[in-house]
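>>> return atomic coordinates for the entry below.
(one chain, ligands or ions: 1)
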Amino acid sequence: MIRVLVNGALGRMGSEVVKKVCAEADLELAAVVDIKEANIALENGSTMTTQTDLVAAIQACAPDVVVDFTRPDVVMENLRKVLKLGVRAVVGTTGFKQADLDELDALAKENNTALLIAPNFALGAVVMMKLACEAAKYFPHVEIIEKHHNNKVDAPSGTALMLADAIKEIAPNKFYVYGRSGFCGKRNQNEIGIHAVRCENVVGEHEIIFSGDFETVTLSHQATDRSVFAEGAVKACFFIATKPKGLYDMNDVINGNYYA
Ligand code: NAD
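Numbering: from 1, shown residues only. As a prediction, this is how the structure comes out:
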């Protein structure tokens, strides 16, 4: 049995993860944390009250894994607390810079623990990244378009940046251009154009357009329900529970047997 604490449990994603954790026979919901105190009704008819002090909650319930779906501006502070207590983490919150990832990797190793960070837990988004790496070998021009709901607080999405970073590993001379407002002149073929669209009720959509002479290849992924992200986060809990210290991502999960 893996004991899971959900941080950000009152949010759109946190509440989906709470549901999925409760539905998994081999996971136990150890505690729920958010900035406000509120009762969460669980599927089995019971309720659990959110706690507002992450460290106290971890110390009281000793979870195996903390799942974090909070906000880009608070997630680093949350993870410093979790890792220093030697607890494993699965992180869906977006907005990490490379320096943040380096710090968290080092902190996990110092504290003999492990964490997995994924800007998109949907299986299809991870598969799309693999396909994009293949297409990037052949097609020079790349544009990424992401669409999300109006309440999303960061732009471009963590997934758009994850896709761009993966393509840049294949074609290191590429650089990112965010929208083209005010630009004058031809498109540079090394640009990866990244565009953020916000509208009502879009859970999360990503499109990558590769183009060459007289042809285009378009990869697209739509998440139509947040449960697909929560499902991936649960798979990541099973994965991270037994891994050696360090930082992991969803590629490590799909390369294992977790989707068999
Ligand atoms: P949301 O605003 O609905 O929920 C965030 C929750 O975190 C809120 O309940 C808020 O009160 C709580 N919170 C804020 N600060 C906190 C703190 N210091 N400690 C504890 N709780 C705190 O947001 P959301 O739509 O659930 O998205 C959360 C994050 O997850 C965003 O970064 C979003 O981009 C990302 N996201 C990732 C995936 C994925 O698959 N990885 C999917 C969807 C969203």
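>>> gap between stretch 53-63 and the chain center?
In terms of Cα atoms, centre = their mean, to the nearest Å, the gap separating the centre of stretch 53-63 from the centre of its chain is 23 Å.
>>> contacting residues around the residue in the chain that the ligand sits nearest to?
Taking Cβ to the nearest ligand atom, the ligand has its nearest neighbour within the chain at G11, 2.0 Å off. Heads up, the C-betas are built off the backbone N, CA and C, glycines and all. With contact taken as Cβ atoms under 8 Å, 6 or more residues apart in numbering, G11 is in contact with 34, 69-70.
>>> please repeat the previous calculation with a cut-off of 6 Å.
Contacts were defined as Cβ atoms under 6 Å, 6 or more residues apart in numbering; by that measure G11 touches F69.
>>> ditto for K168
If a contact means Cβ under 6 Å, 6+ apart, then K168 has K174 as its contacts.
>>> that's a strand at it, yeah?
No - under DSSP: H, G, I helix; E, B strand; the rest coil, K168 falls outside any strand and is assigned helix.
>>> how much space between it and F121?
Distance, K168 to F121, by Cβ to Cβ, to the nearest Å: 22 Å.
>>> equivalent analysis for D213, please.
Relative to F121, D213 is positioned 37 Å away (criterion: Cβ to Cβ).
>>> just how off-centre is stretch 39-56 within its chain?
23 Å.
>>> ends of that stretch, how far apart?
For stretch 39-56, the separation between the terminal residues is 18 Å (Cα to Cα, to the nearest Å).
>>> ok, residues contacting it?
Counting by Cβ under 6 Å, 6+ apart, stretch 39-56 makes contact with 9, 22, 32-34, 37-38, 57, 81, all of which sit outside it.
>>> switch to 10 Å and redo it
5-10, 14-15, 18-19, 21-23, 29-38, 57-61, 66, 68, 70, 74, 77-78, 81-82, 84-85 (Cβ atoms under 10 Å, 6 or more residues apart in numbering).
>>> and these, which are buried?
For these, burial is judged from neighbour counts taken by 16 or more other Cβ atoms under 10 Å, and it is met by 5-10, 14-15, 18, 21-22, 29-34, 57-58, 66, 68, 70, 78, 81-82, 85.
>>> returning to what we had before: among the contacts of stretch 39-56, which are located in strands?
When DSSP state E is applied, the contacts of stretch 39-56 are split such that 5-7, 29-33, 66, 68 fall in strands.
>>> D213 and F121: who's more crowded?
Neighbour totals were compared for D213 and F121, and F121 leads with 27 against 6 (other Cβ atoms under 10 Å).
>>> excluding residues flanking it in the chain, which one is nearest the more buried one?
Beyond its immediate neighbours in the sequence, the residue positioned closest to F121 (Cβ to Cβ, 6 or more residues apart in numbering) is G232, lying 2.8 Å away.
>>> what's the burial count for that neighbour?
Residue neighbour count, defined by other Cβ under 10 Å, stands at 26 for G232.
>>> so it touches M250, yeah?
Yes - counting by Cβ atoms under 10 Å, G232 sits close enough to M250 to count as a contact (6.7 Å).
>>> overlap in contacts, those two.
For the pair G232 and M250, residues contacting each of them under the criterion Cβ under 10 Å, 6+ apart are 118, 120-123, 125-126, 258.
>>> which of these are buried, as a ChimeraX select command?
The following ChimeraX line selects those of the shared contacts of G232 and M250 that are buried, judged by 16+ other Cβ under 10 Å:
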select :118,120,121,122,123,125,126,258
